[in-house]
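[1] here is a sequence with its predicted model. Questions after.
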Amino acid sequence: MKKTLRAGLAAVLALAGAGWAEPPSGAAVNGIGGFFFRAEDPAALAEWYLSNLGIDLAPRSYDAKPWVQTEGPTIFDPFPMGSKMFSEDKVFMVNFRTDDLDGLVAHLRANDVAVQVDGNTYPNGRFAQLDDPEGNPIQLWQPAAKAP
């Protein structure tokens, strides 16, 4: 019974096509409005992100302006628990877009931040990896349209 039900569901999903599960127009989210995570020293970590990656501190009043992203693609992709993309004791990795990967890497290295640049250029661009001071993985991405 379960096998037949699974096969039937798979057939229905295959017939429905890729757009089957999409919400109606206007009912979908259109970007990331915030990224929240725990830290041992939140104030120091926020300052590190400001001085190394240019991410403004979260506003503490409605009169202050928050960090504003440049519009562009965002990948939302859960990874398997055993993924080697980042260490097993971390549950997230954030990917930041940049228009100048080489300049940002030089800035980080000048601040004594260890950065590993992926030497390959992929169809979607170039990448580098680093960890913040608390060991949270960060991936930097320069989209192909901006890559040299």
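    Thanks, I have the structure now.

[2] quick one: Gly135 from Phe127, how far?
    In this view, Gly135 and Phe127 are 19 Å apart by CB to CB, to the nearest Å. To be clear about C-beta, it is placed using only N, CA and C from the backbone, and glycine gets the same treatment.

[3] which residues in this structure form helices?
    Per DSSP state H, the chain carries helices over the ranges 2-16, 42-53, 101-110.

[4] so how far is Tyr62 from the residue nearest the centre of the chain?
    Closest residue to the average C-alpha location of the chain: Asn95 at 2.8 Å, with CA atoms, centre = their mean. Asn95 sits 29 Å away from Tyr62, taking CB to CB as the criterion.

[5] run through the bridge partners of the nearest residue to Leu101 once chain neighbours are set aside.
    Excluding the flanking residues, the one nearest Leu101 by CB to CB, 6 or more residues apart in numbering is Gln142, at 3.8 Å. Counting by DSSP bridges, Gln142 is bridged to Arg126.

[6] and the closest residue to Ala58 other than its chain neighbours, how many neighbours?
    Nearest non-adjacent residue to Ala58, counting by CB to CB, 6+ apart: Pro66, 6.6 Å away. Pro66: 12 surrounding residues under other CB atoms under 10 Å.

[7] compare Gly135 and Phe127 (neighbour count), which wins?
    Remark: of Gly135 and Phe127, Phe127 carries more neighbours, 18 against 11, as counted by other CB under 10 Å.

[8] and the pLDDT for that one?
    pLDDT, Phe127: 94.

[9] contacting residues for it?
    If a contact means CB atoms under 8 Å, 6 or more residues apart in numbering, then Phe127 has 101, 117-118, 139-142 as its contacts.

[10] from those, pick the one nearest Val91.
    Among those, Gln139 lies closest to Val91 (CB to CB), at 15.1 Å.

[11] I figured that closest one was touching Met93, is that so?
    Yes - between Gln139 and Met93 there is a contact under CB atoms under 8 Å: 6.1 Å.

[12] what does stretch 51-60 rub up against?
    46-47, 49-50, 65-67, 96, 104, 107-108, 111, 113, 138.

[13] my error: substitute stretch 99-108 in the last question.
    52-53, 70, 98, 115, 117, 126-128, 130, 140-142, 146-147.
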